[in-house]
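>>> dropping a prediction and its sequence here:
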Amino acid sequence: MIDIKFLRENPDAVKENIKKKFQDSKLPLVDEVIKLDAESRAVKQQADDLRANRNKISKQIGALMHQGKKEEAMAIREQVTKQADLLEELEQKEAELSSKVTEIMMTIPQIIDPSVPIGKDDSENVEIERYGEPFVPDFEVPYHTDIMENLNGIDFDSARKVAGNGFYYLMGDIARLHSAVISYARDFMIDRGFTYCVPPFMIRSNVVTGVMSFAEMDSMMYKIEGEDLYLIGTSEHSMIGKFIDTINPEDTLPQTLTSYSPCFRKEKGAHGIEERGVYRIHQFEKQEMIVVCKPEESKMWFDKLWQNTVDLFRSMDIPVRTLECCSGDLADLKVRSLDVEAWSPRQKKYFEVGSCSNLGDAQARRLKIRVSGKGGKYFAHTLNNTVVAPPRMLIAFLENNLNEDGSVRIPVALRPYMGGKEVIGK
RNA sequence: GGAGACGUAUCGAAGUGGUCAUAACGGGGCUGACUCGAAAUCAGUUAGGGAGCAAUCCCCCGCGGGUUCGAAUCCCGCCGUCUCCGCCA
C-alpha cells in the first residue's frame, strides 16, 4: 500500500509504475482515487464542522442545566436535533468514501525498486548469479520419491488413507534428515545474529486479512471450524502479526528474527497439489527469517537475507542460483524480490527453494508498523525470506548427494544433527 | 467448560450522564536549576490518528454497535486479562 499523499502529489510516477508492471487496466484508478479522496476529505470537513457545532451546543446545554435553566436548554437543543439527519447522512457518506479509497489504494502497487528488471511474467525473470557447479552424475538420478522409497523414507499410501492427497509420512533416516535440516538451519541463523522464535501456528481472521489479500486467503488458508482461527501458511504471518499496530523505538531496530513453524496450505487453484512427490503439499515445515528495520537499511538487509539462504544451501553441497523477479512477476506489495533456486541434476534445471522479499513500507503502512525516533514517527520497512523449507529442499538434497548405489552422502555440516552419520543407505 | 472481577497515557490509578482527555493523584522518563559531581529538592516537560497554509477543529477511555442534545460513565455483542473450581501435556 502506498501513501495517498504521495499518489496525490505524484500521480504520474504512480502511473508510470503501474505501466512497468503491465497492469494498464489499473491506470484509471489513479485519477479516480484522487477524485474520491478529495470528495472524502470535503465530506469529512463538513461533518467535522457539524460535530464541532454539536459539541459546542451540548456544552452550553450542560452549563444551562447546571444553572437550572431548563427551558433555555431545551430551546437550543432544537438546533442539534435539526442538524442530526444531515450529520448522519454525511457520516454514512464519509464511511462509504473512505472505504472506497482504501479499497482502491490496496490495489495500487508499491513503487518498485529502480533496479527491478522490466518484464511481463516469470519467464522474464533474470538470473543474477550461480553458486557452485551444476553437476550431473553419469548415472541416472531417480525421481526424488523413488530415492526416498528406496531408503524406506516415505509412505504416501498410509498418508492418503489418513489425511488424503498432499500429505506424507516421512520415515526413518529421511524423517531424521528433515529434522536435522531444520535444526541446522535454526542454528545457522542464530549464529548470524538472528533471534530464534516459535510463533503461534494459528492466527485470527483480523491478522489474516491484514497480512494477505482475499484471493490469497481463499486459496491458501485452512480455517478452524467454529473458531475465529486459521492455520498459518507460513510463520511470516504470525511473525509480522506480532508487529501489527506497534510503535517501535528506533533503538529497538532492526528486529531480526528467525522462526520455525509448520505451514499449511490448501494450494487451491493455479498449481494444485503435485500428484507424486513433496514439491507442493498441504503441510510442510519451514525455517523463516523476517526483518523489521529503518527505511534506509532495508536495501542492505535484503542482500544479507538472500545471501543467508545461498550460504546455507552451499554448506550442504547444493548448487544454487539467484533469480531476480521482473516487474510483472512482482507481487503488488513488494519493492523487490529474489528467488533462490536449487539445482536439480535429474531435471537438469534449477527450481525454487526460497523467496526473499523487500516490502519497503507497504506492509508496514497497511499494518501500522511504525518507528519512533528523534525525527518523529515513520513507517518501518519489512522484509522476509525463506531460510529453508525441508520437504522441498530434500528434493535438491537427495538428488545432489546421491551415490550410484542409492545411498546418500551427509554433508559435514549436517552430520552432528544426524548422529555423526556420513551416509544413509539401506 | 463453570463462577467471579477487571480493561483509562510509559506504569499504578481516580473519574459511574455535562463545566474531565494531555485526562486528578502517585511513580517512571526527559530537560533545566541547585551541586565539584551525584543523591535529595524545586521548576518545566512527557499518548496516538485525521483535516487545514495557519488559527483551529474532528476522532480516540479494549473493539464494534445502540440510547441521548451530550457517553469513559447506561444498554447489547465481541475480544482480552486475572482469581477460584473442573479438566488436561
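Everything's here; your move.
>>> can you name the residue of chain A nearest RNA strand B?
The nearest approach of chain A to RNA strand B comes at residue A:62, 3.0 Å away (Cβ to the nearest atom of the strand). For glycine as for every other residue, the C-beta is placed from the backbone atoms N, C-alpha and C.
>>> retrieve the pLDDT associated with that residue.
On the pLDDT scale, residue A:62 is placed at 82.
>>> looks to me like it is in a strand.
No. Assessed with DSSP: H, G, I helix; E, B strand; the rest coil, residue A:62 is helix; it does not lie in a strand.
>>> from residue A:280, how far out is it?
Distance, residue A:62 to residue A:280, by Cβ to Cβ, to the nearest Å: 66 Å.
>>> more crowded one of those two?
residue A:280 (16 against 10; other Cβ atoms under 10 Å).
>>> surely the more buried one is in contact with residue A:267?
Yes. At 5.9 Å, residue A:280 and residue A:267 qualify as touching, with contact defined as Cβ atoms under 8 Å.
>>> residues in the stretch 101-250 of chain A within reach of RNA strand B, list them.
Neighbours of RNA strand B within the stretch 101-250 of chain A, by Cβ under 7 Å from any atom of the strand: A:228, A:247.
>>> can you count the residues close to the closest residue to residue A:37 other than its chain neighbours?
Excluding the flanking residues, the one nearest residue A:37 by Cβ to Cβ, 6 or more residues apart in numbering is residue A:101, at 5.3 Å. Neighbour count of residue A:101, defined by other Cβ under 10 Å: 21.
>>> next: the one 4 residues further on.
Around residue A:105 sit 19 other residues, with neighbours defined as other Cβ under 10 Å.
>>> that one contacts residue A:1, correct?
Yes. Judged on Cβ under 8 Å, residue A:105 makes contact with residue A:1 at a distance of 5.8 Å.
>>> my guess is residue A:334 meets residue A:362, correct?
Yes. Residue A:334 lies in contact with residue A:362 (Cβ under 8 Å); the separation is 7.5 Å.
>>> all the helices of chain A, in order from the start?
Remark: helices assigned in chain A by DSSP state H are A:4-9, A:11-20, A:27-66, A:70-107, A:144-150, A:156-162, A:172-191, A:205-211, A:214-220, A:235-241, A:298-314, A:362-367, A:390-400.
>>> of all those, which one is nearest residue A:127?
For those, distance to residue A:127 was read as Cβ to Cβ. The smallest value, 13.3 Å, belongs to helix A:298-314.
>>> buried sites along that closest one?
Counting neighbours by 16 or more other Cβ atoms under 10 Å, one finds that the buried residues in helix A:298-314 are A:298-299, A:301-302, A:304-310, A:312-313.
>>> could you do stretch A:239-251 as well?
Judged by neighbour count using 16+ other Cβ under 10 Å, the buried positions of stretch A:239-251 are A:239, A:240, A:241, A:242, A:243, A:244, A:248.
>>> endpoints of it, how far apart?
20 Å (Cα to Cα, to the nearest Å).
>>> show the average pLDDT along that stretch.
On average, the pLDDT along stretch A:239-251 is 87.
>>> neighbours around residue A:198, how many?
By the measure other Cβ under 10 Å, the count of residues near residue A:198 is 11.
>>> pLDDT at it, what is it?
So residue A:198 comes in at 90 (pLDDT).
>>> residue A:271 now?
pLDDT, residue A:271: 69.
>>> ok, back up a step: intersection of neighbour lists for residue A:334 and residue A:362?
Common neighbours of residue A:334 and residue A:362 (criterion: Cβ atoms under 8 Å, 6 or more residues apart in numbering): residue A:110.
>>> residue ranges with poor pLDDT in the stretch 201-350 of chain A?
Scanning the stretch 201-350 of chain A with the threshold set as pLDDT under 70 gives A:269-275.
>>> what are the boundaries of the strands in it?
Ranges of strands within the stretch 201-350 of chain A are A:202-203, A:222-223, A:230-231, A:246-249, A:255-264, A:283-293, A:320-324, A:336-344, A:349-358, based on DSSP state E, counting those that start in this stretch.
>>> TSV for those strands, including distance to residue A:134?
Rendered in TSV, the data for those read as follows (distance: least, Cβ to Cβ, whole Å):
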stretch	distance to residue A:134
strand A:202-203	39
strand A:222-223	37
strand A:230-231	36
strand A:246-249	42
strand A:255-264	28
strand A:283-293	25
strand A:320-324	8
strand A:336-344	5
strand A:349-358	8
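>>> I'd like to know which of these is closest to residue A:422.
For residue A:422, the closest of these is strand A:336-344, at 21.8 Å, according to Cβ to Cβ.
>>> chain center to the closest one, what's the gap?
Distance of strand A:336-344 from its chain centroid, counting by Cα atoms, centre = their mean, to the nearest Å, is 16 Å.
>>> then it to PDB, C-alphas only?
C-alpha atoms of strand A:336-344 as PDB (Å, rounded to 0.1, in the frame of the first residue of the first chain):
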ATOM      1  CA  ARG A 336      11.900  -6.100  -4.900                       C
ATOM      2  CA  SER A 337      12.000  -9.900  -4.700                       C
ATOM      3  CA  LEU A 338      14.600 -12.500  -5.400                       C
ATOM      4  CA  ASP A 339      14.200 -16.300  -5.700                       C
ATOM      5  CA  VAL A 340      16.800 -18.700  -4.600                       C
ATOM      6  CA  GLU A 341      16.800 -21.800  -6.800                       C
ATOM      7  CA  ALA A 342      18.500 -25.100  -6.200                       C
ATOM      8  CA  TRP A 343      20.000 -27.300  -8.900                       C
ATOM      9  CA  SER A 344      18.200 -30.500  -9.900                       C
END
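>>> which helices and strands does that strand pack with?
The contact analysis (3 or more Cβ pairs under 8 Å, 6 or more residues apart in numbering; DSSP states H and E) places strand A:336-344 against helix A:298-314, strand A:320-324, strand A:349-358, helix A:390-400.
>>> can you list these in a markdown table and add distance to residue A:43?
Putting the helices and strands packed on strand A:336-344 into a markdown table (distance: least, Cβ to Cβ, whole Å) gives the following:
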| stretch | distance to residue A:43 |
| --- | --- |
| helix A:298-314 | 36 |
| strand A:320-324 | 44 |
| strand A:349-358 | 37 |
| helix A:390-400 | 51 |
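>>> list the contacts for the closest residue in space to residue A:311 that isn't next to it in sequence?
Leaving aside its sequence neighbours, residue A:311 sits nearest to residue A:188 (Cβ to Cβ, 6+ apart; 7.9 Å). Residue A:188 sits next to A:308, A:311, A:312, A:315, A:387 when contact means Cβ under 8 Å, 6+ apart.
>>> I'd guessed the third one sits against residue A:388; true?
In other words, residue A:312. Yes. Contact between residue A:312 and residue A:388 holds when scored by Cβ under 8 Å: they sit 6.1 Å apart.
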